[in-house]
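Student: let me see the structure of the following:
(one chain, ligands or ions: 1)
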Amino acid sequence: MLFHCQREMRTGGHCGLGPRVVSISMAGMKTDRLEVAEIFRSIQGEGSWAGLPCVFIRLAGCNLRCRWCDTPYALERGQSVSSSDLVARVEKLGRGLVEITGGEPLLQPSAIPLMKRLLAMGRTVLLETSGALPIGQVPPGVHRIMDLKAPGSGECAQNLWQNLEHLTPRDELKIVMADRKDYVWAREVVLERGLDRLCHAVLFSPAAGLLAADELSAWILEDELPVRLNLQLHRIIWPERDRGV
Ligand code: SF4
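Tutor: Residues are numbered from 1 along each chain as shown. This is a model prediction of the structure:
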């Protein structure tokens, strides 16, 4: 099902990690259509917007296969939907934030005009992106939440470090980590590159089921790092659901 009015029951755990699709070829797609995994309204669970109502447009397809991916259903192709239909659905679902997420939204060229359209409507637009594709084309009014992939993800080599040059105080960086080794890597990146000065917030997230929040919190406090602990509020509110939240 594409459009989730509210919640669906959990249908699976962490990513089954099927064979990598390096590119869901969008070359033949019309520019006003997007491949969509789901659209729904929920509570924003992460980052500095956490706790606010938000409409999520989850685009389908991803060129990465992170070990702890929690949206395996969004890794392959989705349902083709026109921008106009998506915008109408957003308006019907309610006011407030709109987040374009995935999968990897920037694989689809039509995501850029969609973001512009939503901004023109006066919506506050957030974009979640893996950090493996260039972010320079994203409209300036969009709040970008960009990942840096830690070694434990299996996709560390895909980090596009040049993206750091495009970050503004509007943006956030997120690093998910599974263990102490990932934390040490993230700590070095934060300190060596001054990540906290490049964007609004640096988010340190424990990978669900792999790293305890209290353990990560103790490390952050011990090192006095200029980062925020980032827990997935929606997983706390709806622990049995993995879609539509
Ligand atoms: S980038 Fe995001 S959607 Fe893609 S595999 Fe990694 S966690 Fe999953």
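
Student: please count neighbours and contacts with C-alpha atoms only from this point.
Tutor: Will do.

Student: which stretches of this protein form strands?
Tutor: Under the criterion DSSP state E, the chain contains strands at 33-43, 53-59, 79-82, 97-101, 125-129, 143-147, 172-177, 201-206, 228-229.

Student: hmm, who's touching the lengthiest helix in the chain?
Tutor: In the chain, taking DSSP state H as the definition, the longest helix is helix 180-193. Helix 180-193 is contacted by residues Ala150, Pro151, Gly152, Ile175, Met177, Leu195, Asp196, Leu216, Leu225 when judged by CA atoms under 8 Å, 6 or more residues apart in numbering.

Student: my read: Leu52 touches Arg41, true?
Tutor: No - with contact defined as CA atoms under 8 Å, Leu52 does not count as touching Arg41 (10.5 Å).

Student: coming back round to it: ok, which of the strands of the chain comes nearest the ligand?
Tutor: Distance to the ligand, taken as CA to the nearest ligand atom, is lowest for strand 125-129 among the strands of the chain, at 7.1 Å.

Student: which other helices and strands contact the closest one?
Tutor: Applying 3 or more CA pairs under 8 Å, 6 or more residues apart in numbering; DSSP states H and E, we find strand 125-129 packed against strand 97-101, helix 111-120, strand 143-147.

Student: in JSON lines: the ones you listed, plus mean neighbour count, mean pLDDT and distance to the ligand.
Tutor: JSON lines is the format used below for the helices and strands packed on strand 125-129 (neighbours: other CA atoms under 10 Å; pLDDT from 0 to 100; distance: least, CA to the nearest ligand atom, whole Å):
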{"stretch": "strand 97-101", "mean neighbour count": "23", "mean pLDDT": "98", "distance to the ligand": "8"}
{"stretch": "helix 111-120", "mean neighbour count": "18", "mean pLDDT": "98", "distance to the ligand": "15"}
{"stretch": "strand 143-147", "mean neighbour count": "23", "mean pLDDT": "98", "distance to the ligand": "8"}
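
Student: can you name the residues of this structure that neighbour the ligand?
Tutor: Cys62, Leu64, Arg65, Cys66, Cys69, Thr71, Gly102, Gly103, Glu104, Ser130 (CA under 6 Å from any ligand atom).
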